[in-house]
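*Asks:* Sequence plus predicted model, see below.
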Amino acid sequence: MFKRDFVGAPMRKALLAIQAGGTVSNCEIPYRKDEKYWITSAGTGKATFHISFNFMNTTDISMARIMLLEFEESNRHVRGSIATSYNDKNPPPELVTAYPSVASATYTNGIISFTMSTTHVAAPKTIT
């Protein structure tokens with residue numbers, strides 16, 4: 001529970017800031033030996049979450065690639081979904097701008113990014 005709460009705290013903080021319509025501070029979290037996630041500001045009430053993937057087993061690499069490609073593809077068919085992009089060769093430009101060292105890093109399955117806004121994290125409306 002400690003690891004989950006400690007590693008997830010920046011995500012929770014960013015989601016609460018988005019929900020409040022505020023801005024998010026950029027951060028980089030190394031959550032495994034060879035993997036990181038980043039949170040970058042995408043403007044007021046928006047943030048982009050970037051997650052790197054680095055698998056060692058060839059089967060895991062192949063299966064992860066299929067799943068990551070499907071995340072991006074499914075985004076095209078769901079109205080109002082979270083903006084998703086998958087970068088398997090080059091990291092997203094906005095991530096390189098915020099963290100230049102990402103340009104020289106290599107990940108077996110690249111980086112997936114999710115951009116979320118206040119509409120995605122708004123408190124549920126109750127029907128009376």
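*Replies:* Here it is on my side, so go on. Computed from a prediction, not measured in an experiment: that's the story for all the values here. Numbers count the residues shown, from 1 in each chain.
*Asks:* can we go C-alpha only for contacts and neighbour counts from here?
*Replies:* Noted.
*Asks:* now the helices: where do they sit in the chain?
*Replies:* 2-19, 58-75, 93-98, 118-121 (DSSP state H).
*Asks:* Quick one: these as CSV, columns for distance to residue 44 and mean neighbour count too.
*Replies:* What follows is the helices of the chain, written out as CSV (distance: least, C-alpha to C-alpha, whole Å; neighbours: other C-alpha atoms under 10 Å):
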stretch, distance to residue 44, mean neighbour count
helix 2-19, 8, 16
helix 58-75, 23, 14
helix 93-98, 16, 14
helix 118-121, 9, 16
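*Asks:* of the ones you listed, which approaches residue 35 most closely?
*Replies:* Nearest of those to residue 35, taken as C-alpha to C-alpha: helix 2-19 at 12.4 Å.
*Asks:* ok so, going back, identify whichever of the helices of the chain lies nearest to residue 110.
*Replies:* Using C-alpha to C-alpha, these put helix 58-75 closest to residue 110, at 8.8 Å.
*Asks:* chain center to that closest one, what's the gap?
*Replies:* 15 Å (C-alpha atoms, centre = their mean, to the nearest Å).
*Asks:* So for it, mean pLDDT?
*Replies:* Helix 58-75 comes out with an average pLDDT of 86.
*Asks:* do stretch 119-128 as well
*Replies:* Mean predicted confidence for stretch 119-128 is 78.
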